[in-house]
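# coordinates only, no sequence provided:
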């Protein structure tokens, strides 16, 4: 009996069963980490290797709370144990000190957790059914952001900014190598790239293109004689004549494949001779780190259940196929941009 | 630059960051598996190594659905890929063919997922705040079971029965070695153990003790001249005189430590000379398989947010401490009962 059990213990099947339980209880693990962060337990154990009694005293929690959470945390590798003292592990510390992990975790917790229960429905309807739990019948999250609960908004913006703001300097050096007459930023959002452009080259003309409501918002705090605004719906309205450089940063992943091809075709049709198109994306097939690939493919699920129901993070391979369909050609690839292995595709 | 990245790639910090992302996106991974099960994708890939196109055709899903889910599933190890064909991995197959995994997963999905977002509140109030989302102001899930949505009820009972029904034969052999005059089953629930007793030994007298409402329910389908019923609240009411054997199967984990000591003290005070007390539990510190320990400590979180807000799966060490506090002594330990490493403690 014992022998059989010990033999089974090391088989790949038994390992697979253990891995399967990690997924089977994943939402509870997740909420246990959220609770330990909320109660300051991870932070306390990160600074002090402590007994259960010290956790109870210092974090002001019940014995039941401390013991139950520490058992889960130990089993999941969030804390380590030496004799009867617990400390936060490297994995646990990531939730405290690694900005990417912190931002991803809060994003899942505040923006995605409840809506994710509608993932299957969202795929079936190709609509963000999870979003409807919070804001009623809105088509996408982008024009409903102001309606979201405050903590949800905060985590959304932290997530949004964390990923998009870290490549601008590196990217501008590349774009400006060719000394373009002007830059068109499609999907300018809050105008952070516009500010970076105006600062980077004091002669550069900058054009921000976005939905009319976003442009109205941006106009309130952005004023510069070298900055023009175009409020339009990229899927329906005509683009202005595009010369110099066209830039799209983490913009196309907000659209379905059909829509990406439409957008790139519209861009192609509005381009003058010599215009270069720059697409900046973290591609799923171009990540050096396993954690980054893991994050990107899961962010796709956010698009499904919360954002718009039909977009995703793309592979470079797929993006190039879509660009070709739209009549664009790859001129150059700039890889490993920023700290998250973004790719800047240069097309003409 | 490349060199630095490759060096960082293998460091424990980078490994920890990847592990942290697994937790940071855990609820989305979980819902992706639920969706693949719902759409029949895991089942199809378990029988057929297939391309994305074949998944689309055979499971009736969009290209977007198939690609997005397969990317997540591949990154999580739920499916494996050979060239351009996907198959369900050993981990993925556990959700289809391993009853424990299936039961745990459905339990988390249907019973715990939404309520788990109230985990921190539940710890703070020592009440199952998650349960309130479904049934209003009920103190515990036990007397609110009939009010739960149907799918939730189904998964709850499947989970309940899966764990408690598999040891009865083995346990009865041990209990009846001493030829007890009668058996008292405290927390008889639906009466499954009572039926097993009556069948096992045709002369044995059996006494079922449970809350009055459960006893009324049990009386409807259980009738036997050797079977007596006692409807009472174990925390408040007096027990009858206990002789022969007292049995508690996965009963004490539904109570807080203080309550367990109270219950065991009440039992001790009602025992006649020679009465044996048998406690059957899967103890957290007695599991041979990592997956089993993982499951048990996470089941504790279900008790917190959904069941009663103050109970948990205990270690053997702690249970023996509580028994000692109640004045009971360990007579024997019977280990590795059933397929899930249950322990039967024999006390006097």
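Okay, I see it. Everything numeric in this text was worked out from a predicted model, so none of it was measured.
# for the rest of this, base every contact and every neighbour count on C-alpha atoms.
Noted.
# what distance separates stretch A:140-160 from the centre of its chain?
Per CA atoms, centre = their mean, to the nearest Å, the displacement of stretch A:140-160 from the mean C-alpha position of its chain is 13 Å.
# start to end distance for that stretch?
15 Å (CA to CA, to the nearest Å).
# ok, now stretch A:97-110?
With CA to CA, one end of stretch A:97-110 sits 19 Å from the other.
# how about that stretch and chain B, touching?
Yes. Against chain B, stretch A:97-110 shows contacts by CA under 8 Å from any CA of the partner chain at A:101, A:104-105, A:108.
# try stretch A:318-335
No. Using CA under 8 Å from any CA, we find that stretch A:318-335 stays clear of chain B, coming within 10.8 Å at best.
# so is the closest residue to chain B within the stretch 201-348 of chain A in a helix, a strand, or just coil?
Residue nearest to chain B within the stretch 201-348 of chain A (CA to the nearest CA): residue A:291, separated by 3.8 Å. Using DSSP: H, G, I helix; E, B strand; the rest coil, the structure places residue A:291 in helix.
# picking that back up, which among the residues of stretch A:97-110 next to chain B gets closest to chain B?
For the residues of stretch A:97-110 next to chain B, the nearest to chain B is residue A:105 (4.4 Å; CA to the nearest CA).
# leaving out chain neighbours, which residue sits closest to the closest one?
residue B:24 (4.4 Å; CA to CA, 6 or more residues apart in numbering or on different chains).
# now do the contacts for that neighbour.
A:30, A:101, A:104-105, A:108 (CA atoms under 8 Å, 6 or more residues apart in numbering or on different chains).
# quick one: least confident helix or strand in chain A?
Ranked by mean pLDDT, DSSP states H and E, the helix or strand of chain A with the weakest confidence is helix A:2-9, at a mean of 49.
# any idea which element residue A:94 lies in?
helix A:90-97 (DSSP states H and E).
# re earlier: filter the contacts of residue B:24 down to the ones in helices?
A:30, A:101, A:104-105 (DSSP state H).
# tally of neighbours for the residue nearest to residue A:191 when sequence neighbours are not counted?
Using CA to CA, 6+ apart and skipping the chain neighbours, the partner closest in space to residue A:191 is residue A:218 (6.4 Å). A total of 19 residues lie near residue A:218 under the criterion other CA atoms under 10 Å in any protein chain shown.
# ditto for residue A:180
Residues within reach of residue A:180, counting by other CA under 10 Å, total 17.
# quick check: it is in a helix.
No. Counting by three-state DSSP, residue A:180 is not part of a helix but coil.
# I'd say it and residue A:247 touch.
No. Assessed by CA atoms under 8 Å, residue A:180 is found out of contact with residue A:247, at 11.7 Å.
# can you list the domains in chain A?
A:2-96, A:98-161, A:165-289+A:310-347 (automatic domain parsing).
# so which residues of the stretch 201-348 of chain A form helices?
For the stretch 201-348 of chain A, the helices defined by DSSP state H, counting those that start in this stretch occupy A:212-221, A:257-270, A:290-302, A:316-325.
# tell me which of those sits nearest to residue A:73.
helix A:290-302 (20.0 Å; CA to CA).
# what's the spacing between that closest one and its chain's center?
8 Å.
# tell me what that helix is packed against?
helix B:12-24, helix B:26-38, helix B:63-76 (3 or more CA pairs under 8 Å, 6 or more residues apart in numbering or on different chains; DSSP states H and E).
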